[in-house]
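In: The amino acid sequence is not available; the structure is as follows:
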């Protein structure tokens, strides 16, 4: 009976070992399948990320171009703003001769006052109403501008 028991134990041990080997092979197959699926997911995700990266790089290039244009526009606007001199506030003006009282209290012709504070240049003419009022001898129904 000792021979049978040793043999039986050996057979049981062999069956258990075969069972464990089968389980290990199944687990190995499952792991290989999972690894292959994971590799495929990584490959797909990498392709998605690379496409997204290309789109972002394109957007960055476009934004850099727009930024350079905006910076140039800002410089131009700052230069133009530096060239602009604005009159503001209340300006005391004579109701009759239209002279303007400056900050020192002197009365100056409107052309002098505005010309000293801006880059405006004046040209002179005579409006039709003043032509009739002040120079009736030159008024013939036609304007001086024509």
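Out: Good, I have the coordinates. These numbers were taken from a predicted model, which means no experiment stands behind them.
In: if you average pLDDT over stretch 88-107, what comes out?
Out: On average, the pLDDT along stretch 88-107 is 89.
In: buried set for it?
Out: Residues of stretch 88-107 classed as buried by neighbour count (16 or more other C-beta atoms under 10 Å): 99, 100. (Each C-beta comes from the backbone N, C-alpha and C, glycine too.)
In: quick one: contacts of it?
Out: 108, 109, 110, 113 (C-beta atoms under 8 Å, 6 or more residues apart in numbering).
In: show me what contacts the third one?
Out: What that stands for is residue 110. By C-beta under 8 Å, 6+ apart, the neighbours of residue 110 are 93, 98, 99, 100.
In: hey, where'd the helices end up in the protein?
Out: 2-83, 110-117, 128-134 (DSSP state H).
In: thinking again about what came up before, out of the contacts of residue 110, which are inside strands?
Out: Among the contacts of residue 110, DSSP state E puts residue 100 in strands.
In: count of neighbours near residue 113?
Out: When counting by other C-beta atoms under 10 Å, one arrives at 19 neighbours for residue 113.
In: can you pull the pLDDT of it?
Out: pLDDT, read off for residue 113, is 89.
In: Let me see the domain layout of this structure.
Out: 1-84, 87-146 (automatic domain parsing).
In: weakest of the ones you listed in terms of mean pLDDT?
Out: domain 87-146 (a mean of 83).
In: Check the offset of stretch 17-31 from the chain's centre.
Out: On the basis of C-alpha atoms, centre = their mean, to the nearest Å, stretch 17-31 sits 60 Å off its chain's mean C-alpha point.
In: typed the wrong thing, it's stretch 10-27
Out: That offset, for stretch 10-27, works out to 68 Å (C-alpha atoms, centre = their mean).
In: before we move on, what about stretch 114-132?
Out: Between the centre of stretch 114-132 and the centre of its chain there are 44 Å (C-alpha atoms, centre = their mean).
In: Generate CSV for the contacts of stretch 88-107, with distance to residue 133 as supplementary columns.
Out: CSV is the format used below for these (distance: C-beta to C-beta, whole Å):
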residue, distance to residue 133
108, 24
109, 20
110, 19
113, 24
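In: Quick check on residue 102: phi, psi?
Out: phi -80, psi -180 (degrees, to the nearest 10).
In: Of the contacts of stretch 88-107, which is the nearest to residue 11?
Out: residue 113 (121.8 Å; C-beta to C-beta).
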